[in-house]
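predicted structure and sequence below. I'll ask about it afterward.
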Amino acid sequence: MQSSRRQFISTSALALAGTALVPRSLFAAAPKSTVLGIQLYSVRDDMKKDPLGTLKQLAEMGYKNVEHANYVNRKFYGYSAKEFVKILNDLGLKMPSGHTVMGRTHWDESKKEFTDAWKNTIEDAATCGQKFVVSPSLDENLRKTHDGLLSYMEVFNKSGELCKKAGMKFGYHNHNFEFSSLLNGEKVFDIIIKHTDPNLVAQQLDIGNMYGVGGRALEIVKSYPGRFELMHVKDEIATTAKGEMNDGYDSTVLGTGVVGVKQIIDEAKKSGGTTHFIIEQESYQDITPIESAKKDLAIMKKWGY
């Protein structure tokens, strides 16, 4: 694109001179529109008990987009892809992204190709209108060694190629181990970023998961400009609960914790390449998940999203 632009300038001086008469603002890049949604894991118990009723409540709150976290035996929350997309459409909802772990059973190393299970995942995601197929974790056995992880990053890129053929993009979502685990002295997160093709593999940065192990999302967004097309918008609060994933912190209503959410999402929108902002809250303190979802949406709208 840069080459063609140089050619245009060098061969069309008259046109270039003409542009001097046109206000400069007309040539500014149009700002990318943002997508605001909710990860349905935020209301996982409600979705388990009453998926239709829960989706209806979210739509009535004002949500327009959801991100699934349940795809089992080619069904989303118990519904086929065609059934589920009709449910969403009837409620005025879209599902631009979804979470399905891509694991060892999805890649046949001997044949160097994906198994039918992963091909079906891509097909069903496309049927539902997804733009991103996001793997929300990475099997520990695939990240035991530096060479092993590099090898699987090639599988990530190949998944990106497969998704691209279906009009989508493959993505990866971090937890906390990417920031606490080192291979050859380098954080797993940095290895993933550096060895995945940004044209094929999108990064969904979860700004809360990393907090307890010292990861700071604002620094990361600035370190890798343009690399985070999707973001899990999450806040964290100190807790005495212990567990593999919380590291002394639990998620809470946006703007009430320690993460500094507003500054992060503004930077992500400006320089991080982020267009999809997905609210996720996994713990709720003294209110219900549905009430939390409503509060989180109100905060994001107040912030201009």
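Perfect, thanks for sending it. Residues are numbered from 1 along each chain as shown.

just name the shakiest helix or strand of this protein by mean pLDDT.
Sorting the helices and strands of the chain by mean pLDDT, DSSP states H and E puts helix 13-19 at the bottom, at a mean of 34.

would you mark the buried spots in the helix or strand following it?
Per DSSP states H and E, the first helix or strand lying C-terminal to helix 13-19 is strand 35-39. The neighbour-count check on strand 35-39 (16 or more other Cβ atoms under 10 Å) flags 35-39 as buried. Where you see a C-beta, it was placed from the backbone N, CA and C, and this is true even at glycine.

now stretch 214-231
In terms of neighbour count (16+ other Cβ under 10 Å), stretch 214-231 has its buried residues at 215, 217-218, 220-221, 224, 227-231.

residue contacts, the residue lying closest to Asp124 once chain neighbours are set aside?
Once flanking residues are discounted, Asp124 sits nearest to Ala81: 4.0 Å by Cβ to Cβ, 6 or more residues apart in numbering. Contact criterion Cβ atoms under 8 Å, 6 or more residues apart in numbering gives 74, 123-125, 127-128 as the residues in contact with Ala81.

on the pLDDT front, check Ala81 for me.
Here the pLDDT value assigned to Ala81 is 98.

again, but for Arg24
35.

does Leu183 touch Arg143 like I think?
Yes - distance between Leu183 and Arg143: 7.2 Å, which falls inside the contact criterion (Cβ atoms under 8 Å).

shared neighbours of these two, anything?
When contacts are counted by Cβ under 8 Å, 6+ apart, Leu183 and Arg143 have Leu149 as shared neighbours.

isn't Val35 right up against His276?
Yes - with contact defined as Cβ under 8 Å, Val35 and His276 form a contacting pair (4.6 Å).

who touches both of the two?
Shared contacts of Val35 and His276 (Cβ under 8 Å, 6+ apart): Pro96.

in the stretch 101-250 of the chain, where is pLDDT below threshold?
In the prediction, the stretch 101-250 of the chain carries residues with pLDDT under 70 at positions 241-246.

tell me where it has helices.
When secondary structure is read from DSSP state H, counting those that start in this stretch, the stretch 101-250 of the chain shows helices at 116-127, 146-165, 177-180, 188-194, 217-223.

what's the angle from the longest one to helix 116-127?
Okay, so that is helix 146-165. Orientation check (axes from the mean of the first three to the mean of the last three Cα atoms, to 10 degrees): helix 146-165 against helix 116-127 gives 40 degrees.
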